[in-house]
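J.: quick one, structure for this:
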Amino acid sequence: MGNGAETCASYPVRMEAPSRRIELDPTRSRFAADSIAAGMLASMSAAFGRVLGPATVTVDGVTRCEVEAVDADGAVFAQLIANTGEFTSAYRNRVTANMFKLVWVTRALFPGARQVLCITPSVTPAFAPTGWVRVASRDLGVEVFVYDPVSGALRPLEDT
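T.: As a prediction, the model looks like this:
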């Protein structure tokens with residue numbers, strides 16, 4: 001056995017969900033018009049050329065999942081982390097929870113959809129260049145964008 005490589009010969013594992021009834025319903029925005037989250041939505045909509053807004057994903061009529069930004073076709077799913085102030089471990093926890101939600105929704109329910117995480121500059125320390133969160137986001141295909149609430153500019157994390 002040695003290094004354990006023999007036990008991982010079957011990886012990578014494909015995630016497949018059983019046949020399900022999936023509903024995607026737009027919801028009323030819970031973001032105030034002058035909030036950072038509303039600015040994130042507007043900037044991403046302009047950058048991606050698609051109107052993005054909050055939605056509820058319902059699986060089999062009972063399991064609900066709120067998504068902060070999705071287009072009408074279900075081709076783009078995004079989560080927003082609009083925290084400001086000094087970085088805390090709670091920010092990193094929110095990043096990982098939102099990435100997990102995006103990966104589940106897009107791999108199990110909407111295969112092929114674009115996965116986007118939009119963060120503020122205060123959250124960028126969670127994506128240290130050699131940290132596992134940054135590597136995981138790349139490996140899982142989650143695009144990370146940084147929104148500057150002062151200028152309204154949106155840029156890919158890789159530009160940092």
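
J.: what residues of stretch 61-76 count as buried?
T.: 67, 68, 69, 70, 71, 74, 76 (16 or more other Cβ atoms under 10 Å). In short, each C-beta sits where N, CA and C put it, glycine included.

J.: contacts for that stretch?
T.: The contact list for stretch 61-76 (Cβ atoms under 8 Å, 6 or more residues apart in numbering) reads 21, 23-24, 26-27, 37, 40-41, 44, 48, 50-59, 77-80, 101, 105, 110, 112-114, 116, 118.

J.: quick one: residues contacting residue 58.
T.: Residue 58 neighbours (Cβ under 8 Å, 6+ apart): 22, 23, 25, 64, 65.

J.: from those residues, which is closest to residue 141?
T.: The shortest approach to residue 141 among these belongs to residue 65, at 18.9 Å (Cβ to Cβ).

J.: which regions of this protein sit below the pLDDT cut-off?
T.: Along the chain, the parts satisfying pLDDT under 70 run over 1-18, 159-160.

J.: can you give me the strands in it?
T.: Ranges of strands within the chain are 22-26, 53-59, 63-70, 76-81, 114-119, 142-147, 154-156, based on DSSP state E.

J.: now the ones you listed in a markdown table, with distance to residue 95?
T.: Converted to a markdown table, the strands of the chain look like this (distance: least, Cβ to Cβ, whole Å):
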| stretch | distance to residue 95 |
| --- | --- |
| strand 22-26 | 24 |
| strand 53-59 | 19 |
| strand 63-70 | 13 |
| strand 76-81 | 6 |
| strand 114-119 | 7 |
| strand 142-147 | 9 |
| strand 154-156 | 16 |
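
J.: for the buried residues of stretch 61-76, work out which two are farthest apart.
T.: Longest distance between any two of the buried residues of stretch 61-76 is 14.3 Å, between 68 and 74; criterion Cβ to Cβ.
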